[in-house]
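In: coordinates only, no sequence provided:
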């Protein structure tokens, strides 16, 4: 069975909404053969990542950067997983009150350094979460789950 790992930091209602949409898309009944595991960024480990066939990353934008929790995850997995996760399909969603650009740039630089393959453009939600942002996160979850199964 393929495995999708969702690594998230959800300190606010807005990031929780986006996380739930990703989870719903990834767990859609029409997607078969994919086990979805969600881990808080501070709890996710190198073993979790090494067992994954794809990963979705979720973070708020904090002072122009990804959350400290997601950065801790990257610090913990970068070298232990660097050689074994090249080509890993990944997706990203970011929520910010006024801007998401710095957070997106930082995550994408690390993912590129690890040799991961982005499956969709990042979902960037600014301000109140809209139906459009929830739908984009649902699609991100679904497409990344399909990528884990090798169907994308």
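Out: On my side now, so go ahead. Every value quoted in this text rests on a predicted model; they were computed, and no experiment measured them.

In: remind me, longest helix of this protein?
Out: With secondary structure taken from DSSP state H, the chain has its longest helix at helix 131-148.

In: check what contacts that helix and list those residues.
Out: Contact partners of helix 131-148, identified using C-beta atoms under 8 Å, 6 or more residues apart in numbering, comprise 2-4, 6, 17-19, 21-28, 31, 34, 36, 52-56, 89-93, 119-120, 123, 125, 152. (Each C-beta comes from the backbone N, C-alpha and C, glycine too.)

In: which of these count as buried?
Out: Buried members of these, scored by 16 or more other C-beta atoms under 10 Å, are 2-4, 6, 17-19, 21-23, 25-27, 31, 34, 36, 52-56, 89-93, 119-120, 123, 125.

In: give me the most central residue, the chain.
Out: The C-alpha lying nearest the average C-alpha coordinate of the chain belongs to residue 57 (C-alpha atoms, centre = their mean; 1.8 Å).

In: doesn't that residue belong to a strand?
Out: Yes - when DSSP: H, G, I helix; E, B strand; the rest coil is applied, residue 57 is found to be in a strand.

In: these two touch, right, residue 58 and residue 18?
Out: Yes - Residue 58 is within contact range of residue 18, at 6.3 Å (criterion: C-beta atoms under 8 Å).

In: shared neighbours of these two, which are they?
Out: With contacts defined as C-beta under 8 Å, 6+ apart, the residues shared by residue 58 and residue 18 are residue 93.

In: coming back round to it: which ones are touching the residue lying closest to the residue nearest to the centre of the chain once chain neighbours are set aside?
Out: Computed as C-beta to C-beta, 6 or more residues apart in numbering, the closest residue to residue 57 that is not its neighbour in sequence is residue 92, at 4.9 Å. If a contact means C-beta under 8 Å, 6+ apart, then residue 92 has 56-59, 104, 107-108, 111, 118, 122-123, 140 as its contacts.

In: let's see that with 6 Å instead.
Out: Residue 92 is in contact with 57, 107, 122, counting by C-beta atoms under 6 Å, 6 or more residues apart in numbering.

In: can you confirm the second one is in a helix?
Out: In this case it means residue 107. Yes - assessed by three-state DSSP, residue 107 belongs to a helix.

In: quick check: the gap between it and residue 116.
Out: 10 Å (C-beta to C-beta, to the nearest Å).
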